[in-house]
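>>> model the following, please.
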Amino acid sequence: MPNKILPLFQILVSLSSFLPPATSTDFNYPAVFNFGDSNSDTGNLVAGLGIRLDLPNGQTYFKAPSRRFCDGRLIVDFLMDAMDLPFLNAYLDSIGMPNFRRGCNYATAASTILPATATSLSPFSFGVQVSQFLRFKGRVLELLAKGKKLNKYLPSEDYFAEGLYMFDIGQNDLAGPFYSKSLDQILALIPTILVEFENGFKTLYDQGGRNFWIHNTGPLGCITQNVARFGTDPSKLDEIGCVSGHNQAAKLFNLQLHALCTKLRGQYTDASITYVDIFSIKSNLIANYSRYGFEQPLMACCGYGGAPLNYDSRISCGQTKVLNGTTVTAKACDDSTEYVNWDGIHYTEAANQFVSSQILTGRYSDPPFVDKMPFAMKLQF
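Numbers count the residues shown, from 1 in each chain. Predicted structure coming up:
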């Protein structure tokens with residue numbers, strides 16, 4: 001990872017010891033079960049639909065395609081490092097003897113909280129991911145009951161109660177409808193979206209889950225793809241060049257999600273429910289990008305079209321196509337550490353590392369967990 005970002009992280013870790021005590025959060029989890037979309041997909045869409053996700057995806061850290069929509073590691077990868085746990089294997093990726101001893105990842109790119117429809121890009125909505133977990137747990141317990149032969153590959157029964165359940169989903173429920181609905185119509189959908197999320201949460205709680213980590217959604221209006229499509233009218237942009245309507249939707253979603261987390265905390269008093277404000281972290285990064293060592297807050301590193309956004313919806317990162325009679329390739333930039341955005345939709349590894357370092361200060365969480373910051377020293381860069 002870039003040296004210019006690591007010192008910031010070290011400073012954050014050092015400063016944490018001077019922050020006031022906060023609610024205790026135990027990060028000694030034996031396993032992690034993750035639900036989400038492309039922000040934390042480590043291979044499910046590639047395996048589930050058989051799509052290709054070639055280089056330059058994966059070039060920075062893995063030096064090969066990693067089935068992630070990124071040049072390197074995702075936020076979930078850095079958080080797993082922080083907990084001294086291996087990267088999560090994707091539930092649908094059966095090749096190479098995947099090891100699920102320390103958890104499983106159900107997150108799938110393009111997924112939504114609401115049930116998928118015939119036009120959805122991913123059939124693996126939140127409800128389906130929860131069903132996959134139920135099948136996974138049932139099958140694990142069935143195999144463990146037959147003997148110890150597979151113990152090193154599967155989580156112990158108590159891991160399902162002691163493990164951490166992580167969520168990073170909802171972005172696509174908001175972003176997709178902007179192509180066909182008004183802002184008011186989208187805002188009206190939010191309560192229905194959150195009812196679906198609450199139902200999935202309750203199912204996991206009923207299955208014995210007690211430790212929950214819930215990310216809110218980021219600033220949708222600052223995603224390069226949305227700026228290119230919906231930001232052509234300058235009056236629709238805010239002071240940092242992001243689409244105001246998209247960010248308004250994200251803010252209301254987050255406000256209601258936060259309220260839901262507070263409600264669930266009151267209902268399930270034996271559960272640990274942590275709400276993480278990803279929106280504030282990412283908004284701060286984009287608004288103050290140069291302070292954190294970046295040079296391009298909105299332009300895609302891997303894309304086609306050049307400045308100001310280097311994004312063309314007709315061609316994805318790494319693809320070669322004929323556009324307007326000319327063969328073109330969506331190539332990666334020379335130095336992805338200068339960019340916040342990787343491919344027009346997703347963040348670079350450098351940006352993901354920054355976001356992770358901010359999460360680990362504990363200051364963006366409710367309840368905060370700054371008293372547990374020493375665990376973050378285990379992060380591997």
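>>> helices along the stretch 1-150 of the chain, start to end?
6-16, 44-49, 75-82, 126-144 (DSSP state H, counting those that start in this stretch).
>>> who does the third one touch, helix- and strand-wise?
Translated: helix 75-82. Counting contacts by 3 or more C-beta pairs under 8 Å, 6 or more residues apart in numbering; DSSP states H and E, helix 75-82 is packed against strand 32-36, strand 164-168, helix 349-359. To be clear about C-beta, it is placed using only N, CA and C from the backbone, and glycine gets the same treatment.
>>> same question for the next helix or strand after the last one, mean pLDDT?
Read it as helix 349-359. Next along the chain after helix 349-359, taking DSSP states H and E as the criterion, comes strand 365-366. Computed over strand 365-366, the mean pLDDT rounds to 96.
>>> what of stretch 217-230?
Here the average pLDDT along stretch 217-230 is 98.
>>> what residues of that stretch count as buried?
217-228, 230 (16 or more other C-beta atoms under 10 Å).
>>> quick one: it to chain centroid distance?
Centre-to-centre, stretch 217-230 and its host chain are 15 Å apart (C-alpha atoms, centre = their mean, to the nearest Å).
>>> and it, C-alpha only, in CSV?
Presented in CSV, the C-alpha positions along stretch 217-230 are these (Å, rounded to 0.1, in the frame of the first residue of the first chain):
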residue,chain,number,x,y,z
THR,A,217,-24.5,3.8,2.7
GLY,A,218,-21.9,6.2,1.2
PRO,A,219,-22.4,9.4,-0.7
LEU,A,220,-24.1,8.1,-3.9
GLY,A,221,-23.9,11.5,-5.5
CYS,A,222,-20.1,11.3,-5.5
ILE,A,223,-19.8,8.1,-7.4
THR,A,224,-18.3,8.8,-10.8
GLN,A,225,-21.0,6.9,-12.7
ASN,A,226,-23.7,9.1,-11.1
VAL,A,227,-21.9,12.3,-11.7
ALA,A,228,-21.5,11.4,-15.4
ARG,A,229,-25.1,10.5,-15.8
PHE,A,230,-27.0,12.8,-13.5
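>>> touching stretch 109-120 from outside, list them.
36-38, 41, 44-45, 69, 121-129, 169-170, 172-173, 176, 189, 192-194, 196-197, 200 (C-beta atoms under 8 Å, 6 or more residues apart in numbering).
>>> in the sheet, who's paired with Met166?
Beta-bridge pairing of Met166 under DSSP bridges involves Asn34, Trp213.
>>> what's the host helix or strand of Asn172 packed up against?
Asn172 belongs to helix 171-175 when elements are defined using DSSP H and E. Contacts defined by 3+ C-beta pairs under 8 Å, 6+ apart place helix 171-175 against helix 183-206, helix 244-267.
>>> one step back: show the buried residues in the contacts of stretch 109-120.
36-38, 41, 44-45, 69, 122, 124-129, 169-170, 172-173, 176, 189, 193-194, 196-197, 200.
>>> tell me which of the helices and strands packed on helix 171-175 sits most buried.
Among the helices and strands packed on helix 171-175, judged by mean count of other C-beta atoms under 10 Å, the one packed with the most neighbours on average is helix 244-267 (a mean of 18).
>>> for that one, C-alpha coordinates in PDB please.
Output in PDB follows, covering the C-alpha atoms of helix 244-267 (Å, rounded to 0.1, in the frame of the first residue of the first chain):
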ATOM      1  CA  SER A 244     -27.200  16.600  -4.600                       C
ATOM      2  CA  GLY A 245     -30.400  14.400  -5.100                       C
ATOM      3  CA  HIS A 246     -28.500  11.200  -4.800                       C
ATOM      4  CA  ASN A 247     -26.800  12.300  -1.600                       C
ATOM      5  CA  GLN A 248     -30.100  13.500  -0.200                       C
ATOM      6  CA  ALA A 249     -31.500  10.000  -0.700                       C
ATOM      7  CA  ALA A 250     -28.400   8.500   1.000                       C
ATOM      8  CA  LYS A 251     -28.700  10.800   4.000                       C
ATOM      9  CA  LEU A 252     -32.400  10.000   4.600                       C
ATOM     10  CA  PHE A 253     -31.700   6.300   4.200                       C
ATOM     11  CA  ASN A 254     -28.900   6.600   6.700                       C
ATOM     12  CA  LEU A 255     -31.100   8.600   9.100                       C
ATOM     13  CA  GLN A 256     -33.800   5.900   9.100                       C
ATOM     14  CA  LEU A 257     -31.200   3.100   9.200                       C
ATOM     15  CA  HIS A 258     -29.700   4.700  12.300                       C
ATOM     16  CA  ALA A 259     -33.100   4.900  13.900                       C
ATOM     17  CA  LEU A 260     -33.700   1.300  13.100                       C
ATOM     18  CA  CYS A 261     -30.500   0.300  14.800                       C
ATOM     19  CA  THR A 262     -31.400   2.200  17.900                       C
ATOM     20  CA  LYS A 263     -34.800   0.500  17.900                       C
ATOM     21  CA  LEU A 264     -33.300  -3.000  17.500                       C
ATOM     22  CA  ARG A 265     -30.800  -2.200  20.300                       C
ATOM     23  CA  GLY A 266     -33.800  -1.600  22.500                       C
ATOM     24  CA  GLN A 267     -35.600  -4.700  21.400                       C
END
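>>> select from the buried residues of stretch 217-230 every entry located in helices.
Cross-referencing these against helices under DSSP state H gives 224-228, 230.
>>> re the thing from before, okay if I get the helices and strands packed on helix 171-175 as TSV plus distance to Gly58 and mean pLDDT?
Formatted as TSV, the helices and strands packed on helix 171-175 follow (distance: least, C-beta to C-beta, whole Å; pLDDT from 0 to 100):
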stretch	distance to Gly58	mean pLDDT
helix 183-206	30	98
helix 244-267	28	98
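>>> CSV please, covering these and showing distance to Tyr311.
Below are the helices and strands packed on helix 171-175 laid out as CSV (distance: least, C-beta to C-beta, whole Å):
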stretch, distance to Tyr311
helix 183-206, 22
helix 244-267, 15
